[in-house]
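Chemist: Sequence first, then the predicted structure:
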Amino acid sequence: MYVSKQKHMHNEHTDEHFQFRIDNGEYIEPRDYMPEAYRKNLIRQISQHAHSEVIGMQPEGNWITRAPSLRSKQILLAKIQDEGGHGLYLYSAAETLGVSRTEMIEQLHAGKAKYSNIFNYPSLNWADIGAIGWLVDGAAIVNQVSLQRTSYGPYSRAMVRICKEESFHQRQGYEIMATMMKGTKDQQAMAQDAMNRWWWPALMMFGPHDTDSPHSKDAMKWKIKRETNDELRQKFIDKTIPQAELIGLTVPDKDLKWNEAAKKYDHGEINWEEFYSVIKGDGPCNKQRLSHHIKYHEDGVWVREAAEAHKLKTNLSVV
Ligand code: BYC
């Protein structure tokens, strides 16, 4: 009896048992056994996801002071604040895997950790705020709805909460685009121009094609990813095109057409050269985004020190 219990306990700490649990649809929790490569892949993905949320505040923050009405300013402020919150849930989820937030930020500042390609493009005018909410948050939702069922418990739970807020963000953007499309010829042209500039980078958010995605095989086996890059990209395209048509926007892809047999849209070739150049650090705003983050991180040293001092004082008073 005793021997069989020991054997069972031993088995719990093997890759085989881990995969059995994954195949069985179980969630993996921080203290559970996990292969080192699973832990590393999760830290990479979750920390990059967190960095994306926080860096993503910059292109939107650019328009707070110039929002066209008090209502739109309040909504934009609330949305950007949500993104900061998403970053915090995600940094906390990553910390449960044994990495500190300080280390993650250091990796970002050293250029070792990536963040989403999309935030390296400039937000030139108010229509861009519409396009970001509608297309960028729209793409993020498709990805994140799928990640609600990711195999790592803390990441999955963070996604459930984030998805609720993202659907409001997507509507905020679509409302801006719909309003502009009902406006003057100039406003319609601005909305179309924003659509033209954000469409292709939004498709790139899903990552390289499955055949060129080095992390996908393991991520699918471990159910970190529940759907592949191409499957999610296709879902986004099929869902977004009718929304564009409804408000009179043209999708900037001459090869786009409905495939009746496959019941999906076929689309044109994505410019992967542009994608790799942007994620390597050579996009239009990479340097600006990173130097802004570094500056405000350094300016915020006193806040972190004050928080630490307060914690110490509170702990002492409890003792
Ligand atoms: N951008 O093997 P692959 C938001 C990298 S923010 C940059 O397919 P994976 C929002 C990839 O990291 C939404 N890099 O990788 C916030 C890898 O390089 P490394 C952010 C990319 O991880 C504010 C290499 O290419 N969402 O919603 O299996 C305002 C090979 O790729 C990108 C998430 O982060 C990219 N787009 O699949 C508004 C979702 N794509 O790390 C909105 C969580 C690929 O080996 N992340 N790379 O140096 C994921 O689902 C997956 O990480 C990805 C990529 C699908 C993005």
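Modeler: Cool, got the structure.
Chemist: which bits of the stretch 51-200 of the chain sit near the ligand?
Modeler: S52, E53, G56, E83, K114, S116, N117, V136, D137, A140, N143 (Cβ under 6 Å from any ligand atom). Backbone N, C-alpha and C define where each C-beta goes, glycine included.
Chemist: Out of those, which is nearest to L290?
Modeler: Each of these was checked against L290 using Cβ to Cβ; the closest is K114, at 11.2 Å.
Chemist: The closest one - nearest residue in space that isn't next to it in sequence?
Modeler: Counting by Cβ to Cβ, 6 or more residues apart in numbering, Q48 is the residue found nearest to K114 once chain neighbours are left out, at 5.1 Å.
Chemist: How much space separates the one you found from the ligand?
Modeler: Distance, Q48 to the ligand, by Cβ to the nearest ligand atom, to the nearest Å: 6 Å.
Chemist: for A127, same thing?
Modeler: The span separating A127 from the ligand equals 16 Å under the rule Cβ to the nearest ligand atom.
Chemist: Quick check: that residue touching M190?
Modeler: Yes - using Cβ atoms under 8 Å, A127 makes contact with M190 at a distance of 4.2 Å.
Chemist: any idea how far K79 is from W63?
Modeler: Using Cβ to Cβ, to the nearest Å, W63 is found at 11 Å from K79.
Chemist: Could you measure from Q288 over to the ligand?
Modeler: Distance, Q288 to the ligand, by Cβ to the nearest ligand atom: 16 Å.
Chemist: That residue: what secondary structure?
Modeler: Under DSSP: H, G, I helix; E, B strand; the rest coil, the three-state class of Q288 is helix.
Chemist: What of W258?
Modeler: Three-state call for W258 (three-state DSSP): strand.
Chemist: how many neighbours does it have?
Modeler: The number of residues packed near W258 is 11, by other Cβ atoms under 10 Å.
Chemist: For it, list each beta-bridge partner.
Modeler: On the basis of DSSP bridges, W258 is bridged to Y265.
Chemist: Now do it, the pLDDT please.
Modeler: The model reports W258 with a pLDDT of 97.
Chemist: quick one: it and Y265 touch, right?
Modeler: Yes - using Cβ under 8 Å, W258 and Y265 qualify as a contacting pair, with a distance of 5.8 Å.
Chemist: Please export the C-alpha coordinates of stretch 67-77 as CSV.
Modeler: Output of stretch 67-77 as CSV, limited to C-alpha atoms (Å, rounded to 0.1, in the frame of the first residue of the first chain):
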residue,chain,number,x,y,z
ALA,A,67,-10.0,64.0,-27.5
PRO,A,68,-12.8,65.8,-29.4
SER,A,69,-15.3,65.9,-26.5
LEU,A,70,-15.4,65.5,-22.7
ARG,A,71,-17.2,62.2,-23.2
SER,A,72,-14.6,60.7,-25.6
LYS,A,73,-11.8,61.9,-23.2
GLN,A,74,-13.4,60.2,-20.2
ILE,A,75,-13.9,57.0,-22.2
LEU,A,76,-10.3,57.0,-23.5
LEU,A,77,-8.9,57.7,-20.0
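Chemist: neighbouring contacts of that stretch?
Modeler: With Cβ atoms under 8 Å, 6 or more residues apart in numbering as the test, stretch 67-77 has contacts from E60, W63, I64, W126, I129, Q172, I176.
Chemist: Out of the residues you listed, flag the one nearest to K313.
Modeler: Distances from K313 to these, taken by Cβ to Cβ, are shortest for I64, at 34.1 Å.
Chemist: which residues touch the residue nearest to K114?
Modeler: With contact set as Cβ under 8 Å, 6+ apart, Q48 has these partners: A113, K114, Y115, S116.
Chemist: what separates it from R197, distance-wise?
Modeler: Between Q48 and R197 the distance is 23 Å, computed by Cβ to Cβ.
Chemist: quick one: which two of the residues of the stretch 51-200 of the chain next to the ligand are the most distant?
Modeler: K114 and D137, at 19.3 Å, using Cβ to Cβ across those.
Chemist: and those two? which has more neighbours close in?
Modeler: The neighbour count for K114 versus D137, taken as other Cβ under 10 Å, is higher for D137 (25 against 17).
Chemist: The more buried one: which element?
Modeler: Element membership for D137 (DSSP states H and E) is helix 137-147.
Chemist: Please spell out which residues along whatever helix or strand comes next after that helix are buried.
Modeler: Using DSSP H and E, the helix or strand that follows helix 137-147 in sequence is helix 153-181. Within helix 153-181, the residues that qualify as buried are 153-156, 158-159, 162-163, 165-166, 169-174, 176-178, 180-181, counting by 16 or more other Cβ atoms under 10 Å.
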